[in-house]
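Peer 1: Provide a 3D model corresponding to the input given below.
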Amino acid sequence: VMFEARRALEARVARMAAERATGDDLAAISDEVTGMFASLGDSQAFLEHDTRFHRAVAVASGNPILASIVEMVSGMFFEMRRGTAHRNRELQPVAEKHRQIYQAIRSRDGALAEQRMVDHLLDAERLQEEEALGVPAALPTTARTGSDEEE
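Peer 2: Residues are numbered from 1 along each chain as shown. Purely as a prediction, here's the structure:
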């Protein structure tokens, strides 16, 4: 239910961010991606950057009402994940997903930003379900290669 709400909300917000983000918005999103890569060895710090990333994308949408809703939902998700963030999970692919969303927003490609957010949230939901079942975490199924290399 949480991920269904996040996909419905955050995919559209990512599209809007690609269309409306200011330079400051892009810098804020980029800073959180950088923070995620810098905290790959610290799951709690990683989770905090992850949460701030989603909030920064929402702010970049230019819609304060949607940003407030994302703030509320991301706060709920943070509280839900805070107790399980320490579990051994490969964080590099998760950080890469966020980088790809940022790149689509920076490139002003709303459709791509929306799709990448959906892909990321589907992967996150799958990983959450696997954690609940005790299945070892695997790499995201929708990992991108090729044209998504660092620009």
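
Peer 1: In space, not sequence, find me the middle residue of the chain.
Peer 2: The structure's the chain has its C-alpha centroid closest to His98; by C-alpha atoms, centre = their mean the separation is 4.9 Å.

Peer 1: in what helix or strand does it lie?
Peer 2: Following DSSP states H and E, one finds His98 within helix 92-106.

Peer 1: Show me what that helix packs onto, helices and strands only.
Peer 2: helix 2-20, helix 23-38, helix 43-60, helix 110-133 (3 or more C-beta pairs under 8 Å, 6 or more residues apart in numbering; DSSP states H and E). Bear in mind the C-beta positions are built from the backbone N, C-alpha and C, glycine included.

Peer 1: Quick check: buried residues in the last one?
Peer 2: Think helix 110-133. The neighbour-count check on helix 110-133 (16 or more other C-beta atoms under 10 Å) flags 110, 112-121, 123-124, 126-128 as buried.

Peer 1: unless I'm mixing things up, Asn63 is touching Ala17, no?
Peer 2: No: with contact defined as C-beta atoms under 8 Å, Asn63 and Ala17 do not form a contacting pair (9.6 Å).

Peer 1: one step back: what about the helices and strands packed on helix 92-106, which gets the closest to Ser74?
Peer 2: Closest of the helices and strands packed on helix 92-106 to Ser74 is helix 43-60, at 4.9 Å (criterion: C-beta to C-beta).

Peer 1: and the closest one with helix 110-133, angle?
Peer 2: 150 degrees (axes from the mean of the first three to the mean of the last three C-alpha atoms, to 10 degrees).

Peer 1: Use 45 as the first number for this chain going forward.
Peer 2: All set: I'll call the first residue 45, so the last point we hit is now helix 87-104.

Peer 1: Met124: what's it in contact with?
Peer 2: Applying C-beta atoms under 8 Å, 6 or more residues apart in numbering, we find Met124 in contact with Met46.
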